[in-house]
Structure formats: C-alpha cells, structure tokens
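Colleague: Have a look at this fold, sequence not included:
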C-alpha cells in the first residue's frame, strides 16, 4: 500500500511530487471547490435558519396559546371569586339587612316607649297650701295667750304638719316612680345601641366586600382586555401556586406512604401473603387500592361540596343529588377509615405474634416481651389509621391547583426549551456559514503559490492591455 | 362496540398473564446423624430456628436426617408449607420447632451416611413443592459412607438449586492429611455444579445471615 504512493525511491521527493500534484489539481478546481463549499455551508445555514424560524413560530404559537390558557384560567378564577363575594353579600343582606323592617319597627316602638317614659318622668313639685298666709295673719293678730286661740293655732299647726307630711310622701312616691321609669329606659337604650351596632357592622361588611368586588372587577377587566400586566400577575401567581401545591402534594404522598405501611402487613392476613400480581404482592396492591379509593372518595366529597371543580358534571348536579352524593361518599370514607383502624389494630397483634414467635425461636421467654404501655402504640396506630383517610381527603384542593397550574408551567418550560433550541440552531447556522468562509480561505492558503503566480500574470496582462489601449 | 371492548379486555388480560411465577422459597435441610456428628445436632437446631424465623408465609421447609438409607420419606423429621396468613404461619413455625426439639431429644446415631440418597430425596421434595427459590442445607462433615449394595454414583440434577454445606467439620484423618478434606469439598462442589446447581460452604455459624444471601 505504501508503495502505491511512492513515485520515486525517495520518500521526500514522492511527497513533494504528490503535494505539487494536489496543489495543481486544487488550483485547477479552485472555483468549483469554492462554489461547492459556499453552496454546502449556505445550504446547511439556510436549513438551520428555517428550522430556527419554525421553532420561533412554534414558540410564538405556544406562547399565545399559553397566554390564552392563563387568561381563561384567571377569568374563571376571578368569576368564582366575584361570585363567591356576591354570595357572601347576599348572605349578609339576608341575615342582617333582610330583617331591617322588623328592626325598624322594634326601634320605633322602643323610642316611643322611651319618649312616653321620658314624659312621665317630669318633676312636679308639691303644691304649697294656699291658706298659710291667712293663718300667719290670724296668728299675728290674735292674743297668743288666749287658750282658745292657742288651741286653734295648735290645731292649725297640726293640720299643716299632716298636710306637709302627706305632700312629702306623695312627692317621694312620684320620685320613686320616675326613678323606676328612668331605670327601665337603660336596657332599651342598650338594645337600641346593640341593634345600631349590628346594623353598622353589616353595612361595613357589605361596604368592605363591595370594595373587594371593585378590586376583583378591575382585575377581571384587565384579564378580559388581556393586558400584559394581567398576564404577568397571573403567571407569577400560577408559578407560586404550582410550587405550593406541589409541596403540599409531596406532604400528602408522605402521609399516604405511612398509611400504606399501616395496612399493608395486615392486608396479607385478608388476601394472603403469597399471591402476586406481576411482581407486586396482592396484599400491597390491595392496600394501595384502599388508599386510592379513599383519595377518590375524598375527591368526590370535595367536588360535591363544590370546594373543588375538577369534574364539571358533579358541580352541575342538582343540589339534592349533590347532598346525597356528599352523604354517600362520607359514609364510604368513614367505613374505609374504620376498616383501616381495624387493620392497624390487626397489624399490632400480628407484630406481637411475630415477635413472640421470633423470641421463642431464639429461645427467649415469649411472655417477657409484652409491655404494659403497648396499648399506647396500638391506640396511636388505630387513631392514625382512622384519621389519615380523612386528612388525605383534603389533597383534592392542592391537586386541583396543581393540575390547573401544571398546564401553564409545562407550557412555560416548553417555551424556554424552544427558545433555547432556536438560539442553538441560529448559533450553529452562523458557525457553519463562517466555517465555510474559513474553509475557502484555508483552501486558498493551501494553493497560495499558483495563486500568486496567476495573480502576477493577470496583473501583467492587465498592464499590457492598458498600454495597448493607450 | 361492547364486543370489541370485551375482546380488548380479554387480550389485555391474556397479555398480562404469563406462566405463574412462584415467589416462595423451598428449603430442605439434611442432618447428619452418623457417629460422633450427632453431638453437633444442637448447632443444627440453632440453624433450623434461624431458618424458621426467616421464612415467609407460603414458603416450604423440611428437615430430614441422613442415615443408612436416606432416600426415604421416613427420614423426614418435620416438614411444613406455611399458610398464606402470617398468623397461621407463625403457629406452624412453633409446631415445627416443637417437633425438632422432640427429635433432638430422641436422636440415635446411624451406622452409615447416605448423603446422596438424602440429596435425591431433597430434590424430589423441592420438585414437588415447585418454589421459586430452592435451597438445600447439608449439615454434615460430607463424608459419605454407604452400606454395601446401595448405588449412589449417578449424576443428580441440581438445576436452579442452591446447595449450602454447613458446619463441615474436619475429621481426624483430615487433620493428618488436609488434602482429604479439600478433595471431599471439591468432589461435592463438582457434583453439584455439574448437576447445574450452586455450591457454597458456611462453617462460621455466627454468620447465619449468609444462608439466604446470593
């Protein structure tokens, strides 16, 4: 093979001859080679540019779609919030202001009573006897030493004392009556004050809610108009909600795993510990199915209560049907929770049985392992077995948020990926184009000698032509 | 439409269901009761208890003695296939242990040592139970001593079986010429591996966890 390249016996001379031959061939084919390089790189550059353009269009389309989805979700959420605010206002009006005529009538009656009582409490001083001046004149004119006069005067004095005592008693009686009326007015004032406070609180609540509705309506208008500010706010909110819901779901998964470990072992006692479905134990699958059924029931319960709206069919059901569904799911959930509590109890029994057997096999005393405080762990396990299914019910709320925001987050991720791919393709295209230019220059460098000669010759020819023309 | 759904469901179920694979473990333990090796029987009891503690519901376990003619069901001291329910399996384990205790109390040394016959019986038992994992423990010094007339020099099929030799004690003659001991182990290893099985030796009984490893 080596001999094939040996034109002469000398390696150096052969290499030189081959190089000269190659340079000559390259020089002769220079134009074609340069055109080929330029065409190839241009073709690749254009292909990558078109691909980048396609990605850009896909990115814009996805961005627009994502924006629409986000605005639609935001619009729906705002409608729900505003609707809920109106429901609250309706409830407040029905509860507090709905009884306004009755309240007004009560207030009027109380005020009338107070007015009457107030009039009745007017202070009337006791009348002074009209004949006292006449008695004074008789007393001054008459002979005080005269026993008959003296007797008359004493009788008059006694009559005056009795009249004064009667007047004083009557006055005291009237004062007592006035005080009683005044005392009776206090609770009525308080009643009026309480009623007015309640009215004030109801009106304030309505005013506050109306301000909240105004704010939400402003945001709703922004969303309807599709402003960038609204999109930005919704996007940030969606990301935050996605993160928070993902965290809560992770916590719930932890709870489900604990729940699973509570019931997987005793489940073997029910369905057998030796059967397998695929590579998984039937007992484990059964335990998992119970937990998943509980979560489904929780989901349906939340849907029936209209706390979540993952299934429009359930939300659209008549109220009566929803209540039936609510009760039905709650009953199933309670039964499953009771089953879990029973299984948790069974788990403890099995565990003790296994410990006793293991102890016996080791040669220890089996009775020694029974503890007095064993009931605490048993009760704790049973409690967890009963409570966890209900706790898992609330997973429906973060799950709904997670699903709703997942679309937007995935869309954003896809946009970022498309953008990165777009930039990468553009960089690669430019790199290829510049590489083509570089390859052309390197080609010329390889054949610089014949090029230089050709340039000199063409220079001379040009000079000759100019001279001939002159 | 309904028919196509039904056919689809049937096809799916058919695709999912292959030949049933057993996840159970089958253990057959051979106890050498020949000569002075009977003195080691308490160690065997310890291994049996350990094995019982490791076996799960659905597993099978049998303990048989090695005597003059071991290829016989009569040599099986205790056997059980544990119930699917863990609680019932625990009761079976306790009963198993009681039978072993009774055997240990009444065991008598045998005149000859028919290890091959015991292995044949073990293979037959494990084939019958068809567990997913098959293990034979040989608690013996591995010195086979056949009575005249017993034919055991034929290959045994150990395909898929773990054979673990336990507490392979050194005989007096082994001490004089250790090559005898090594040759004995090598010969059994060869016999098991030629039959398609895997061979292990565990003499350190403080590491019983290694019994169910590998």
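Modeller: Great, that's in hand. Everything numeric here is computed off the predicted structure, so don't read it as measured data. Residues are numbered from 1 along each chain as shown, chains lettered A, B, ... in the order given.
Colleague: quick one: what helix or strand has residue B:27 in it?
Modeller: strand B:25-32 (DSSP states H and E).
Colleague: Tell me, how many residues neighbour the residue in the stretch 201-350 of chain A that chain B sits nearest to?
Modeller: With C-beta to the nearest C-beta as the measure, residue A:274 is the residue of the stretch 201-350 of chain A nearest to chain B, at 2.9 Å. Using the backbone N, CA and C atoms, a C-beta is placed for each residue, glycine as well. Neighbours of residue A:274 under the rule other C-beta atoms under 10 Å in any protein chain shown: 22.
Colleague: That one and residue A:282, how far apart?
Modeller: From residue A:274 over to residue A:282 the distance is 9 Å, taken as C-beta to C-beta, to the nearest Å.
Colleague: got it, and residue B:76?
Modeller: Taking C-beta to C-beta as the criterion, residue B:76 is separated from residue A:282 by 31 Å.
Colleague: For chain B, which helix or strand comes out least confident on mean pLDDT?
Modeller: helix B:2-16 (a mean of 49; mean pLDDT, DSSP states H and E).
Colleague: and the next element down the chain from the helix or strand hosting residue A:237?
Modeller: In this structure, residue A:237 sits in helix A:228-271 according to DSSP H and E. Per DSSP H and E, the first helix or strand lying C-terminal to helix A:228-271 is strand A:276-277.
Colleague: What lies in contact with that next one?
Modeller: A:282, A:285, B:21, B:23 (C-beta atoms under 8 Å, 6 or more residues apart in numbering or on different chains).
Colleague: For residue B:199, see how far away the residue sitting furthest away from the middle of chain A is.
Modeller: Ranked by distance from the centre of chain A (C-alpha atoms, centre = their mean), the top residue is residue A:146, with 108.5 Å. Distance, residue A:146 to residue B:199, by C-beta to C-beta: 160 Å.
Colleague: which of residue B:76 and residue A:282 has more neighbours?
Modeller: residue A:282 (19 against 16).
Colleague: which bits of chain B sit near chain A?
Modeller: B:16, B:21, B:23-24, B:49-50, B:52-53, B:56-58, B:84-87, B:89-90, B:93-94, B:97 (C-beta under 8 Å from any C-beta of the partner chain).
Colleague: For the residue nearest the centre of chain A, list the residues it contacts.
Modeller: Nearest to the mean C-alpha position of chain A, counting by C-alpha atoms, centre = their mean, stands residue A:241 at 5.6 Å. Counting by C-beta under 8 Å, 6+ apart, residue A:241 touches A:401, A:404, A:405.
Colleague: The second one against residue A:76, yeah?
Modeller: No - here residue A:404 lies out of contact with residue A:76, judged by C-beta atoms under 8 Å, at a distance of 9.0 Å.
Colleague: those helices in chain B, which residues are they?
Modeller: For chain B, the helices defined by DSSP state H cover B:2-16, B:41-54, B:86-106, B:115-129, B:172-176, B:178-194.
Colleague: more crowded one of residue A:404 and residue A:76?
Modeller: When neighbours are counted by other C-beta under 10 Å, residue A:404 and residue A:76 differ, and residue A:404 comes out ahead with 19 against 13.
Colleague: about what we covered before: quick one: strands adjacent to the strand holding residue B:27?
Modeller: strand B:60-66 (parallel), strand B:133-139 (parallel) (DSSP bridges).
Colleague: Which residues of chain A lie near chain B?
Modeller: Counting by C-beta under 8 Å from any C-beta, chain A sits next to chain B at A:265, A:268-269, A:272-276, A:278, A:349-350, A:353-354, A:356-358, A:360-363.
Colleague: go with 10 Å
Modeller: A:265-266, A:268-279, A:281-283, A:346, A:349-351, A:353-363, A:366 (C-beta under 10 Å from any C-beta of the partner chain).
Colleague: Any regions of chain A where pLDDT drops low?
Modeller: For chain A, residues meeting the criterion pLDDT under 70 lie at A:1-3, A:123-132, A:139, A:141-144, A:365-372.
Colleague: Quick one: the strands in it, in order.
Modeller: Assigned by DSSP state E, the strands in chain A fall at A:276-277, A:280-281.
Colleague: Now the ones you listed in CSV, please, with extra columns for distance to residue A:41.
Modeller: Formatted as CSV, the strands of chain A follow (distance: least, C-beta to C-beta, whole Å):
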stretch, distance to residue A:41
strand A:276-277, 59
strand A:280-281, 57
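Colleague: Next, format the ones you listed as TSV and append mean neighbour count.
Modeller: Listed next are the strands of chain A as TSV, based on neighbours: other C-beta atoms under 10 Å in any protein chain shown:
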stretch	mean neighbour count
strand A:276-277	15
strand A:280-281	15
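Colleague: Tell me the spacing between residue B:97 and residue B:91.
Modeller: 11 Å.
Colleague: Grab the nearest non-local neighbour of whichever residue of chain B sits closest to chain A.
Modeller: The nearest approach of chain B to chain A comes at residue B:58, 2.9 Å away (C-beta to the nearest C-beta). Closest residue to residue B:58 apart from its sequence neighbours, by C-beta to C-beta, 6 or more residues apart in numbering or on different chains: residue A:274 at 2.9 Å.
Colleague: ok, now which ones touch that neighbour?
Modeller: Contact analysis of residue A:274 by C-beta atoms under 10 Å, 6 or more residues apart in numbering or on different chains lists A:268, A:281-283, B:22-24, B:56-59, B:81-85, B:89.
Colleague: Phi and psi next, for it.
Modeller: Here is the backbone geometry of residue A:274 (degrees, to the nearest 10): phi -110, psi -10.
Colleague: just to revisit the earlier point, what sits in contact with each of residue A:274 and residue A:282?
Modeller: In terms of C-beta under 10 Å, 6+ apart, residue A:274 and residue A:282 are both contacted by the residues A:268, B:84.
Colleague: so where do the helices sit in chain A?
Modeller: A:11-28, A:30-92, A:100-120, A:132-141, A:147-225, A:228-271, A:282-304, A:312-315, A:319-362, A:374-393, A:396-446, A:448-469.
Colleague: in the fourth one, what counts as buried?
Modeller: Think helix A:132-141. residue A:135 (16 or more other C-beta atoms under 10 Å in any protein chain shown).
Colleague: Check the offset of it from the chain's centre.
Modeller: 97 Å (C-alpha atoms, centre = their mean, to the nearest Å).
Colleague: now the angle from it to helix A:147-225?
Modeller: 150 degrees (axes from the mean of the first three to the mean of the last three C-alpha atoms, to 10 degrees).
Colleague: Identify the residues contacting helix A:132-141?
Modeller: Everything outside helix A:132-141 that qualifies as a contact, by C-beta under 10 Å, 6+ apart, is A:129, A:131, A:149, A:152, A:153, A:156, A:157, A:159, A:160, A:163.
Colleague: What of the last one?
Modeller: For helix A:448-469, the surrounding residues in contact (C-beta under 10 Å, 6+ apart) are A:20, A:23, A:24, A:26, A:27, A:28, A:30, A:443, A:444, A:445, A:447.
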